[in-house]
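> just a sequence and a predicted model for now, questions to come.
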Amino acid sequence: MNKEKIFTKTFPIFLFSFILFCFSACSLKAEQKSLTSQFETIDSLIMQNQFADAVKDLKKIEKSAYDSWVCIGIYKRYFQLGELELGEKILKKSLKKNSKNLELNALMTKLLLSKNRIEEALEFGEILKGTDYGSIFSECVLREAALNKLIYDESFYKSEELYQIYLDAYKGSKNPIWLRNCAVFNITKGLYENAFTLLPSSFKNYKDALFWALVCYDSKHYYECVDVLDYAINNFDVDLVQSVALQSDAYIAISDVEAAEQARQAIIVDVDSYAKNINADDVLMPNILVNSAIWAKNNGFENQCVDLLFYTVTNFPTYVPALILYSNYAYESNVGRKEDSEMLNLRNAGIFSSEMEVYDSRRKIPISDAQYRLKQALITTQNPYLSLAQLDLKYKLDKSLNQNDKLRDLWFMLEDNNELSTEYKWLLVQYAVNLLLSNGKIDDAWNVFINYVNLFANEKSDKRIIYGKDNVWKYFIENVHNFELPIIEIASYFATTFGLRQDSLRLLEYCVYESGGILESNVVSPYVSTKTVLNLANVYYSIGKTDLSLDLFGKAAGRESSSKVRSEIFYEIACIYAELGDKKNALRSVDYALSLFTENAKASLLKAKLQ
């Protein structure tokens, strides 16, 4: 059979099918047009208050309703007419044919809710969870909870099943409280990143913005925290002290000390107007003042530092960080600093550098005033930090006490520590170890440390005694996360001193990277001391990890507010580049070191050598 015959035989069949399809399509269009026309007629009747005629025509259409959308159109008009029974009937009829249709289930659930038939509404609404209509099912769940008085049961709100309910409720209502509930659910489970992913693009009020700023901070998204607070400050009536305190902390966490001080200046420039409405036991306002005082001292603004400290201890007399800084500065400003031979020769020759003139003209805090304030604060609050500050000031001032007397005094305190709080114990150990090390008594310092770890282990392990220093050290390494950061930093010193390279590296990395709870790679903890960061940078360089070392030196400089310390760090960076033969970067680093602190003699010598 040739192709021409095949085509001749098949063409009539194809033509018949095509005509049939066109006829069906035209018929469908005509039917849709007819339905549209009928709905328009019914809508016109409703507008003319001819309700009975409208119901009559709807019943006619209902008989020939062929799909869900027609049924929905009929239902909406029944609902508009107040014919809820007829509306429910058409919905049930349609759901029998298409039980999975979301729109039909949404309408049925809303109808049942309006009739307070909660149990039935829950059955139809279950399918809506997590969809665009999820807020309707959320209403079912929450109304059932209210009906059964579950709303008074705290555990009810913590149920995992409610997470999607909260989320759907927010999508439907845009009420921020539902989204905050979802975030709290994640935070209580330690899922901080999940909470952060819910961050909305805008906020309803200051309370809402502050909540999300805290979520950003707790999830370590510090830049976003700053952005949210900026939005709040520019758009709402905010608690500026609260906002600035958090914003400053966020900047410090990302090592931008200059931006942190700039944020604090919003309060500092008009401090009296903000302080007058704050209670003496508030911590946010004095925290802002003390951080600015530290910044001022580190940048050579000694008088500004004194003003801020005096203002703080006067208006917040029990704020511990301010009192400790105040007593330390009182001692330093009265005793004076140790000056090298170059400075002494300049003084003898009657020559004074600008830095020396600024230092000589600084104001002094009377030591007696610092002692009095510490004593009065201790009467009000038995804070262990203040006790140590008082002890430290006593040791510094009492010239009749030699180093052996001080060490003997500390030994008695450490041996008779059963009545001391846990916090005071580790603070006392930290102070004792540092004092012993400063006097070259490494073995005694090591014994104090080991005895403390043994005591700590016994308290945590039902008085289980750990024999031998090696076992105690092993316990410490295995349980390092249970100890305070200053104690871990001390342990890293001992590990380095005794040649325990692996333990030293492990402890330093824990302090620098893990102690802040941030598990992302190479993110420095906001709590670790700059000295410990520099120690790890030096260890990295010594084992050939030069890139890691330079990166860490740079981060240490970025988080340090003291221009002099930053200058020393960039000098170290310059030395590394010089050893690597990278003269260009070495000169760039040493120039920056000198721009930060012009009297950095080592940097000047290195620059001359490089040139």
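Yep, it's here.

> only C-alpha atoms from now on, for both contacts and neighbour counts.
OK.

> if you skip the residues just before and after it, what's nearest to Asp249?
Ala260 (7.2 Å; Cα to Cα, 6 or more residues apart in numbering).

> from what I see, that neighbour and Ser248 are in contact.
Yes: using Cα atoms under 8 Å, Ala260 is in contact with Ser248, at 4.4 Å.

> neighbour count for those two, which is higher?
Per other Cα atoms under 10 Å, whichever of Ala260 and Ser248 has more neighbours is Ala260, with 25 against 22.

> the more buried one: helix or strand, and which one exactly?
helix 257-268 (DSSP states H and E).

> just the residues contacting that helix, thanks.
240-241, 244-245, 247-252, 274, 288-289, 291-292, 295, 558-561 (Cα atoms under 8 Å, 6 or more residues apart in numbering).

> list buried residues within those.
Buried residues within the contacts of helix 257-268, defined by neighbour count using 16 or more other Cα atoms under 10 Å: 240-241, 244-245, 247-252, 288-289, 291-292, 295, 558-561.

> out of these, list just those in helices.
240-241, 244-245, 247-252, 288-289, 291-292, 295, 558-559 (DSSP state H).

> what's the first helix or strand after the helix holding Ala260?
Criterion used, DSSP H and E; the element after helix 257-268 is helix 271-275.

> average pLDDT for that following helix, rounded please.
Average pLDDT, helix 271-275: 89.

> how far does that helix sit from the chain's center?
Computed by Cα atoms, centre = their mean, to the nearest Å, the chain-centroid distance of helix 271-275 equals 27 Å.

> who does it touch, helix- and strand-wise?
Contact partners of helix 271-275 among helices and strands, from 3 or more Cα pairs under 8 Å, 6 or more residues apart in numbering; DSSP states H and E: none.

> from Tyr329, how far off is Ser354?
Here the criterion is Cα to Cα, to the nearest Å. By it, Ser354 lies 21 Å from Tyr329.

> got it, and Tyr527?
23 Å.

> now Glu103
Distance from Glu103 to Tyr329, by Cα to Cα: 72 Å.

> more neighbours: which of those two?
Using other Cα under 10 Å as the criterion, Glu103 and Tyr329 rank with Tyr329 on top: 22 against 15.

> do I have it right that the more buried one meets Pro366?
No: the criterion here is Cα under 8 Å, and Tyr329 misses it with Pro366 at 9.6 Å.

> in the stretch 1-150 of the chain, what spans have low per-residue confidence?
1-33, 149-150 (pLDDT under 70).

> mind checking the SS state of Gln382?
coil (DSSP: H, G, I helix; E, B strand; the rest coil).

> just give me the neighbour total for it.
The number of residues packed near Gln382 is 10, by other Cα under 10 Å.

> got it, and Gly82?
12.

> report the separation between it and Ile46.
11 Å.

> again with Leu325
For Leu325, the distance to Ile46 equals 80 Å [Cα to Cα].

> over to Asp405?
In terms of Cα to Cα, Asp405 sits 101 Å off from Ile46.

> looking at those two, which is more packed in?
Ile46 (18 against 12).

> ok, and what's touching stretch 52-64?
Leu35, Ile42, Asp43, Leu45, Ile46, Cys71, Ile74, Tyr78, Ile90.

> and the furthest pair within those?
The largest separation in these, counting by Cα to Cα, is between Leu45 and Ile90 at 20.3 Å.

> so which of the two has more stuff around it?
Ile90 (20 against 17).

> would you confirm that the more buried one contacts Lys76?
No: the criterion here is Cα under 8 Å, and Ile90 misses it with Lys76 at 10.3 Å.

> could you list the low-pLDDT ranges of the stretch 301-450 of the chain?
In the stretch 301-450 of the chain (pLDDT under 70), the answer is 336-337, 339, 355-361, 414-423.

> where do the helices of it begin and end?
302-315, 320-335, 341-348, 354-360, 367-380, 384-397, 403-415, 422-438, 442-460 (DSSP state H, counting those that start in this stretch).

> identify the residues contacting the third one?
In this structure, residues lying in contact with helix 341-348 by Cα under 8 Å, 6+ apart are Phe352.

> in that helix, what's buried?
The neighbour-count check on helix 341-348 (16+ other Cα under 10 Å) flags nothing as buried.

> got TSV for the contacts of stretch 52-64, with secondary structure too?
Listed next are those as TSV, based on three-state DSSP:
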residue	secondary structure
Leu35	helix
Ile42	helix
Asp43	helix
Leu45	helix
Ile46	helix
Cys71	helix
Ile74	helix
Tyr78	helix
Ile90	helix
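
> going by distance to Asn194, which of these wins?
Nearest member of the contacts of stretch 52-64 to Asn194, counting by Cα to Cα, is Cys71, at 41.1 Å.

> so the closest one touches Ala65, yeah?
Yes: look at Cys71 against Ala65 with Cα under 8 Å: they come within range, at 6.3 Å.

> more neighbours, these two?
Cys71 (22 against 18).

> and the more buried one, how far from Lys59?
Distance of Cys71 to Lys59, given as Cα to Cα: 11 Å.

> one more: Leu534?
In this view, Leu534 and Lys59 are 84 Å apart by Cα to Cα.

> more neighbours: those two, which one.
Neighbours were tallied for Leu534 and for Lys59 using other Cα under 10 Å; the higher tally belongs to Leu534 (22 against 16).

> how far off centre is stretch 213-233?
Distance, centroid of stretch 213-233 to centroid of chain: 8 Å (Cα atoms, centre = their mean).

> which of the residues in that stretch are buried?
So stretch 213-233, judged by 16+ other Cα under 10 Å, has buried residues 213-226, 228-230, 232-233.

> and it, C-alpha only, in PDB?
Presented in PDB, the C-alpha positions along stretch 213-233 are these (Å, rounded to 0.1, in the frame of the first residue of the first chain):
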ATOM      1  CA  ALA A 213      18.100  42.000  66.800                       C
ATOM      2  CA  LEU A 214      18.600  39.700  69.800                       C
ATOM      3  CA  VAL A 215      18.000  36.700  67.600                       C
ATOM      4  CA  CYS A 216      20.600  38.000  65.200                       C
ATOM      5  CA  TYR A 217      23.100  38.500  68.000                       C
ATOM      6  CA  ASP A 218      22.500  35.100  69.600                       C
ATOM      7  CA  SER A 219      22.900  33.400  66.200                       C
ATOM      8  CA  LYS A 220      26.200  35.300  65.600                       C
ATOM      9  CA  HIS A 221      24.800  37.400  62.700                       C
ATOM     10  CA  TYR A 222      26.300  40.600  64.100                       C
ATOM     11  CA  TYR A 223      26.100  42.700  61.000                       C
ATOM     12  CA  GLU A 224      22.400  41.900  60.600                       C
ATOM     13  CA  CYS A 225      21.900  42.800  64.300                       C
ATOM     14  CA  VAL A 226      23.300  46.200  63.700                       C
ATOM     15  CA  ASP A 227      21.100  46.700  60.600                       C
ATOM     16  CA  VAL A 228      18.000  45.700  62.500                       C
ATOM     17  CA  LEU A 229      18.800  48.200  65.300                       C
ATOM     18  CA  ASP A 230      19.500  50.900  62.800                       C
ATOM     19  CA  TYR A 231      16.100  50.300  61.300                       C
ATOM     20  CA  ALA A 232      14.500  50.500  64.700                       C
ATOM     21  CA  ILE A 233      16.300  53.700  65.700                       C
END
